[in-house]
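Chemist: Could you look at this predicted model? Sequence included:
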Amino acid sequence: MLSAQPRKSIIELAEDSGLFDINSSDLVFEASANGIYYYDYVLSCRRCPPNEGNGKMLYLAKFDERVNLEVFETAHIPQELFEDGLPQHDLGLMTLGVLIWKHTIAKSRVLCLVRNMDGDTTQPLEALKRATYKFSVSHHVQTMIPRRASVSSGFSFGSNHSYLAEAMRMKVLLCQSRNQVEYIPAQAVRETKALLNPSSNPILCLCFPIV
């Protein structure tokens, strides 16, 4: 299911995924008197530019106990799937990502990064909630705030941004494994469509309890 020769560098992939638009504090899942708990994974997506084909790209970044990037995976969603009725908004793709990597992220903490939350988000949020609940995934959704400079270009503005970008860059460079999902499971696509439009397949939706 996985192939291990991504064309881009890990820095370029991380930048595409939005990892450089967050910092270490964004990776805190919960802080209490018992300690600090971090997200295990960051899930995000991006529209492919014309020079990289069509469709969208999903990214799954796994962080270790020291909050360093450990594994980075990508999954290309071809345009044909969207033309066949798969919604293209970021929140809908978060549900698809959960279902693609369901066995990987089960019983873990996941931060879902989206670039926008335009329009009515009620059903997409409910779909994501049902998908994560089924696989015992604790999740939050966060909207990205793009930085004004490219990390891979080496340009920076202001000491605070430079420090945060360099800190995340060091975490990314410690990545031990990069993989690409070779095909998108048809079941994940069917379930995503059903959850985003329950009336289209109410029987399939019964497999995902309402939280």
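Modeler: That came through, no problem.
Chemist: how about the closest residue to Leu195 other than its chain neighbours, what does it touch?
Modeler: Spatial nearest neighbour of Leu195, excluding adjacent residues (Cβ to Cβ, 6 or more residues apart in numbering): Ala127 at 3.7 Å. In this view, the C-beta of every residue, glycine as well, is placed from N, C-alpha and C. Listed by Cβ atoms under 8 Å, 6 or more residues apart in numbering, the contact set of Ala127 reads Leu91, Gly92, Thr95, Thr192, Leu195, Leu196.
Chemist: Rank the helices and strands of this protein by mean pLDDT and give me the bottom one.
Modeler: strand 2-3 (a mean of 49; mean pLDDT, DSSP states H and E).
Chemist: need the next SSE after it, C-terminal direction.
Modeler: Elements were assigned by DSSP states H and E; along the chain past strand 2-3, the next helix or strand is helix 10-17.
Chemist: Which elements pack onto that next one?
Modeler: Helices and strands touching helix 10-17, by 3 or more Cβ pairs under 8 Å, 6 or more residues apart in numbering; DSSP states H and E, are strand 41-47, strand 56-63, strand 69-77, helix 159-173.
Chemist: Any buried residues in stretch 171-189, and which?
Modeler: Judged by neighbour count (16 or more other Cβ atoms under 10 Å), stretch 171-189 contains these buried residues: Lys171, Val172, Cys175, Arg178, Asn179, Gln180, Val181, Ile184, Ala188, Val189.
Chemist: Rounded mean pLDDT for that stretch, please.
Modeler: On average, the pLDDT along stretch 171-189 is 94.
Chemist: where's the residue of the chain lying at maximal distance from its centre relative to Phe72, distance?
Modeler: Going by Cα atoms, centre = their mean, the residue of the chain most distant from its centre is Ala33, 29.0 Å out. Going from Ala33 to Phe72 by Cβ to Cβ, to the nearest Å gives 33 Å.
Chemist: mind putting the buried residues of stretch 171-189 in CSV, secondary structure and distance to Arg109 included?
Modeler: Below are the buried residues of stretch 171-189 laid out as CSV (DSSP: H, G, I helix; E, B strand; the rest coil; distance: Cβ to Cβ, whole Å):
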residue, secondary structure, distance to Arg109
Lys171, helix, 17
Val172, helix, 19
Cys175, coil, 19
Arg178, strand, 22
Asn179, strand, 21
Gln180, strand, 24
Val181, strand, 21
Ile184, coil, 24
Ala188, helix, 21
Val189, helix, 25
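Chemist: As CSV, these with distance to Tyr133 would be great.
Modeler: Shown next, in CSV, are these (distance: Cβ to Cβ, whole Å):
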residue, distance to Tyr133
Lys171, 29
Val172, 30
Cys175, 30
Arg178, 30
Asn179, 26
Gln180, 28
Val181, 23
Ile184, 22
Ala188, 16
Val189, 20
